[in-house]
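Peer 1: A predicted structure for the sequence below; I have some questions about it.
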Amino acid sequence: GLGIPTHFFPDAIDPEVRQAFKAAVGVLAALGASVRDVSTPDLESAWDTAQTIMNCEANVWHEPYLRNQGDDYAPQVRKFLERGRSTLATDYIKAQQTKMQLRQDMLAACADIDVLLTPGALTPPQPLGVRSVMIENREISLLRAIVSATSPFNLTGQPALTIPCGRNLAGLPIALQIVGKPFDEATVLRIGHAYEIHTAWHSQFPEIETDETS
(Lines give C-alpha, C1' and ligand atoms only; values in the text may rest on other atoms or scores of the structure.)
Protein backbone atom coordinates (compact mmCIF):
# COMPACT_ATOMS: atom_id res chain seq x y z
CA GLY A 1 0.00 0.00 0.00
CA LEU A 2 0.89 3.68 -0.29
CA GLY A 3 1.39 5.81 2.80
CA ILE A 4 0.58 9.52 3.01
CA PRO A 5 2.14 11.40 5.95
CA THR A 6 -0.48 13.01 8.14
CA HIS A 7 2.03 15.61 9.34
CA PHE A 8 4.46 16.59 6.60
CA PHE A 9 5.37 20.29 6.91
CA PRO A 10 1.66 21.20 7.02
CA ASP A 11 2.31 24.94 7.31
CA ALA A 12 5.16 25.08 4.82
CA ILE A 13 3.95 23.52 1.57
CA ASP A 14 3.14 25.81 -1.33
CA PRO A 15 -0.53 25.48 -2.40
CA GLU A 16 0.48 24.61 -5.99
CA VAL A 17 2.72 21.83 -4.68
CA ARG A 18 -0.05 20.57 -2.40
CA GLN A 19 -2.54 20.47 -5.29
CA ALA A 20 -0.15 18.63 -7.63
CA PHE A 21 0.70 16.11 -4.90
CA LYS A 22 -2.97 15.40 -4.20
CA ALA A 23 -3.58 14.83 -7.91
CA ALA A 24 -0.60 12.45 -8.15
CA VAL A 25 -1.89 10.39 -5.24
CA GLY A 26 -5.24 10.25 -7.01
CA VAL A 27 -3.61 8.83 -10.15
CA LEU A 28 -1.97 6.01 -8.21
CA ALA A 29 -5.14 5.31 -6.26
CA ALA A 30 -7.08 5.07 -9.54
CA LEU A 31 -4.60 2.44 -10.69
CA GLY A 32 -5.69 0.24 -7.80
CA ALA A 33 -3.18 1.14 -5.10
CA SER A 34 -4.48 1.25 -1.54
CA VAL A 35 -3.78 4.55 0.18
CA ARG A 36 -3.60 5.09 3.93
CA ASP A 37 -2.54 7.84 6.27
CA VAL A 38 0.72 7.34 8.14
CA SER A 39 1.81 9.12 11.30
CA THR A 40 5.47 9.94 10.71
CA PRO A 41 7.92 11.42 13.23
CA ASP A 42 8.44 15.17 13.32
CA LEU A 43 10.73 16.16 10.44
CA GLU A 44 11.12 19.89 11.11
CA SER A 45 14.65 19.48 12.53
CA ALA A 46 15.88 16.89 10.00
CA TRP A 47 17.64 19.45 7.79
CA ASP A 48 19.44 20.99 10.77
CA THR A 49 20.64 17.54 11.81
CA ALA A 50 21.75 16.72 8.28
CA GLN A 51 23.64 20.02 8.03
CA THR A 52 25.59 19.35 11.21
CA ILE A 53 26.67 15.92 9.97
CA MET A 54 27.47 17.14 6.45
CA ASN A 55 29.42 20.15 7.67
CA CYS A 56 31.71 17.98 9.79
CA GLU A 57 32.20 15.09 7.41
CA ALA A 58 32.65 17.25 4.32
CA ASN A 59 35.20 19.42 6.10
CA VAL A 60 37.22 16.40 7.21
CA TRP A 61 37.33 14.99 3.68
CA HIS A 62 38.16 18.30 1.98
CA GLU A 63 40.47 19.67 4.68
CA PRO A 64 43.79 18.84 2.94
CA TYR A 65 42.54 20.30 -0.33
CA LEU A 66 41.19 23.42 1.38
CA ARG A 67 44.57 23.87 3.03
CA ASN A 68 46.67 23.36 -0.10
CA GLN A 69 44.47 24.62 -2.92
CA GLY A 70 41.61 26.51 -1.31
CA ASP A 71 41.47 29.06 -4.10
CA ASP A 72 40.30 26.35 -6.50
CA TYR A 73 36.95 26.21 -4.70
CA ALA A 74 34.08 28.50 -5.58
CA PRO A 75 33.61 30.99 -2.70
CA GLN A 76 30.19 29.68 -1.67
CA VAL A 77 31.35 26.06 -1.73
CA ARG A 78 34.47 26.89 0.27
CA LYS A 79 32.41 28.78 2.84
CA PHE A 80 30.09 25.78 3.21
CA LEU A 81 32.97 23.34 3.65
CA GLU A 82 34.80 25.51 6.16
CA ARG A 83 31.78 25.78 8.44
CA GLY A 84 32.55 22.30 9.73
CA ARG A 85 35.72 23.54 11.44
CA SER A 86 33.77 25.27 14.20
CA THR A 87 31.26 22.47 14.83
CA LEU A 88 31.70 20.92 18.25
CA ALA A 89 32.25 17.18 18.58
CA THR A 90 29.35 17.09 21.06
CA ASP A 91 27.03 18.61 18.44
CA TYR A 92 28.16 16.02 15.87
CA ILE A 93 27.53 13.14 18.29
CA LYS A 94 24.10 14.51 19.21
CA ALA A 95 23.26 14.82 15.51
CA GLN A 96 24.23 11.18 14.96
CA GLN A 97 22.02 10.15 17.87
CA THR A 98 19.12 12.15 16.43
CA LYS A 99 19.74 10.52 13.06
CA MET A 100 19.53 7.00 14.52
CA GLN A 101 16.34 7.82 16.43
CA LEU A 102 14.74 9.30 13.32
CA ARG A 103 15.67 6.19 11.35
CA GLN A 104 14.10 3.89 13.94
CA ASP A 105 10.93 5.97 14.18
CA MET A 106 10.54 6.33 10.40
CA LEU A 107 11.06 2.64 9.67
CA ALA A 108 8.52 1.78 12.36
CA ALA A 109 6.04 4.20 10.81
CA CYS A 110 6.54 2.64 7.36
CA ALA A 111 6.45 -0.98 8.51
CA ASP A 112 2.96 -1.71 7.12
CA ILE A 113 3.21 0.15 3.79
CA ASP A 114 5.19 -0.42 0.61
CA VAL A 115 6.19 3.20 -0.02
CA LEU A 116 5.65 6.63 1.47
CA LEU A 117 4.55 9.43 -0.86
CA THR A 118 5.52 13.06 -0.24
CA PRO A 119 6.09 16.21 -2.27
CA GLY A 120 9.61 16.37 -3.70
CA ALA A 121 10.08 19.96 -2.50
CA LEU A 122 8.01 22.39 -0.47
CA THR A 123 7.98 25.01 -3.23
CA PRO A 124 8.05 25.05 -7.04
CA PRO A 125 11.31 26.17 -8.73
CA GLN A 126 12.16 29.82 -8.11
CA PRO A 127 14.00 32.43 -10.22
CA LEU A 128 17.78 32.68 -9.96
CA GLY A 129 18.88 34.89 -7.10
CA VAL A 130 15.87 34.23 -4.86
CA ARG A 131 17.01 33.46 -1.31
CA SER A 132 13.67 33.00 0.47
CA VAL A 133 10.03 32.25 -0.33
CA MET A 134 6.71 33.05 1.31
CA ILE A 135 4.58 29.97 1.96
CA GLU A 136 1.26 30.33 3.78
CA ASN A 137 2.38 33.77 5.06
CA ARG A 138 5.58 32.28 6.44
CA GLU A 139 9.02 33.24 5.13
CA ILE A 140 11.31 30.24 4.56
CA SER A 141 14.80 30.16 3.12
CA LEU A 142 14.77 28.76 -0.40
CA LEU A 143 17.40 26.16 0.50
CA ARG A 144 15.29 24.83 3.36
CA ALA A 145 12.17 24.80 1.17
CA ILE A 146 14.01 22.73 -1.44
CA VAL A 147 15.78 20.18 0.75
CA SER A 148 13.46 19.79 3.75
CA ALA A 149 11.31 17.24 1.92
CA THR A 150 14.24 15.04 0.88
CA SER A 151 16.87 15.40 3.62
CA PRO A 152 15.00 13.24 6.19
CA PHE A 153 15.45 10.21 3.98
CA ASN A 154 19.16 10.85 3.53
CA LEU A 155 19.30 10.46 7.31
CA THR A 156 17.07 7.38 7.51
CA GLY A 157 18.83 5.57 4.65
CA GLN A 158 15.63 4.95 2.69
CA PRO A 159 15.74 4.86 -1.12
CA ALA A 160 13.77 7.74 -2.63
CA LEU A 161 12.81 8.71 -6.15
CA THR A 162 11.51 12.09 -7.32
CA ILE A 163 9.59 12.40 -10.57
CA PRO A 164 7.59 15.24 -12.18
CA CYS A 165 3.93 15.26 -11.19
CA GLY A 166 2.70 18.62 -12.42
CA ARG A 167 3.57 22.18 -13.35
CA ASN A 168 2.96 25.45 -11.57
CA LEU A 169 1.36 28.53 -13.13
CA ALA A 170 4.76 29.54 -14.51
CA GLY A 171 5.05 26.19 -16.30
CA LEU A 172 7.84 24.87 -14.06
CA PRO A 173 7.85 21.26 -12.83
CA ILE A 174 6.59 20.07 -9.44
CA ALA A 175 7.91 16.80 -8.03
CA LEU A 176 6.45 13.73 -6.38
CA GLN A 177 8.74 11.80 -4.02
CA ILE A 178 8.41 8.04 -3.58
CA VAL A 179 10.19 6.71 -0.49
CA GLY A 180 10.74 3.00 0.05
CA LYS A 181 12.18 0.64 2.62
CA PRO A 182 15.93 0.07 2.85
CA PHE A 183 17.22 -2.04 -0.06
CA ASP A 184 13.81 -2.09 -1.74
CA GLU A 185 14.65 0.18 -4.65
CA ALA A 186 12.75 -2.17 -6.97
CA THR A 187 9.37 -1.27 -5.44
CA VAL A 188 10.16 2.45 -5.57
CA LEU A 189 11.12 2.24 -9.24
CA ARG A 190 8.12 0.06 -10.10
CA ILE A 191 5.65 2.56 -8.63
CA GLY A 192 7.45 5.47 -10.29
CA HIS A 193 7.31 3.66 -13.61
CA ALA A 194 3.59 2.92 -13.23
CA TYR A 195 2.93 6.60 -12.55
CA GLU A 196 4.91 7.74 -15.59
CA ILE A 197 3.15 5.24 -17.87
CA HIS A 198 -0.18 6.84 -17.00
CA THR A 199 0.92 10.49 -17.00
CA ALA A 200 2.90 12.72 -19.34
CA TRP A 201 4.59 15.14 -16.92
CA HIS A 202 8.01 13.53 -17.39
CA SER A 203 7.89 14.24 -21.14
CA GLN A 204 7.00 17.92 -20.81
CA PHE A 205 9.74 20.52 -20.61
CA PRO A 206 9.53 24.18 -19.55
CA GLU A 207 9.96 26.78 -22.23
CA ILE A 208 13.46 28.22 -22.23
CA GLU A 209 13.64 31.99 -22.41
CA THR A 210 16.52 33.36 -24.42
CA ASP A 211 17.95 36.85 -24.53
CA GLU A 212 17.73 37.74 -28.19
CA THR A 213 19.63 40.99 -27.66
CA SER A 214 22.86 39.28 -26.63
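Peer 2: In hand now; what should we look at?
Peer 1: make it CA atoms for all contacts and neighbour counts henceforth
Peer 2: OK.
Peer 1: pull the longest helix from this protein.
Peer 2: Among the elements of type helix in the chain, defined by DSSP state H, the one spanning the most residues is helix 46-69.
Peer 1: Any idea how far that one is from the middle of the chain?
Peer 2: The chain centre lies 20 Å from the centre of helix 46-69; the measure is CA atoms, centre = their mean, to the nearest Å.
Peer 1: And for the most centrally placed residue in the chain, nearest residue in space, chain neighbours not counted?
Peer 2: For the chain, Thr150 is the residue whose C-alpha lies nearest the centre (CA atoms, centre = their mean; 2.0 Å). With sequence-adjacent residues excluded and distances taken as CA to CA, 6 or more residues apart in numbering, Thr150 is closest to Gly120, at 6.7 Å.
Peer 1: now do Leu142
Peer 2: The spatial neighbour of Leu142 that comes closest, neighbours along the chain excluded (CA to CA, 6+ apart), is Ser132 at 4.5 Å.
Peer 1: who are the neighbours in contact with the one you found?
Peer 2: With CA atoms under 8 Å, 6 or more residues apart in numbering as the criterion, the residues that contact Ser132 are Glu139, Ile140, Ser141, Leu142, Leu143.
Peer 1: and it, backbone torsions?
Peer 2: According to degrees, to the nearest 10, the main-chain angles of Ser132 amount to phi -150, psi 160.
Peer 1: Could you do Ala175 as well?
Peer 2: phi -110, psi 150.
Peer 1: what do you get for Thr90?
Peer 2: On the backbone of Thr90 - angles per degrees, to the nearest 10 - the values are phi -60, psi -40.
Peer 1: residues contacting it?
Peer 2: Under the contact definition (CA under 8 Å, 6+ apart), no residues are listed for Thr90.
Peer 1: Spell out the residue ranges of the helices in the chain.
Peer 2: Ranges of helices in the chain, per DSSP H, are 15-30, 46-69, 75-82, 89-109, 142-147, 151-156, 185-197.
Peer 1: Including mean pLDDT, could these go into CSV?
Peer 2: Putting the helices of the chain into CSV (pLDDT from 0 to 100) gives the following:
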stretch, mean pLDDT
helix 15-30, 95
helix 46-69, 91
helix 75-82, 86
helix 89-109, 95
helix 142-147, 88
helix 151-156, 94
helix 185-197, 97
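Peer 1: wait, which of these is closest to Pro206?
Peer 2: Shortest separation from Pro206 across the helices of the chain is recorded for helix 15-30, at 16.3 Å, computed as CA to CA.
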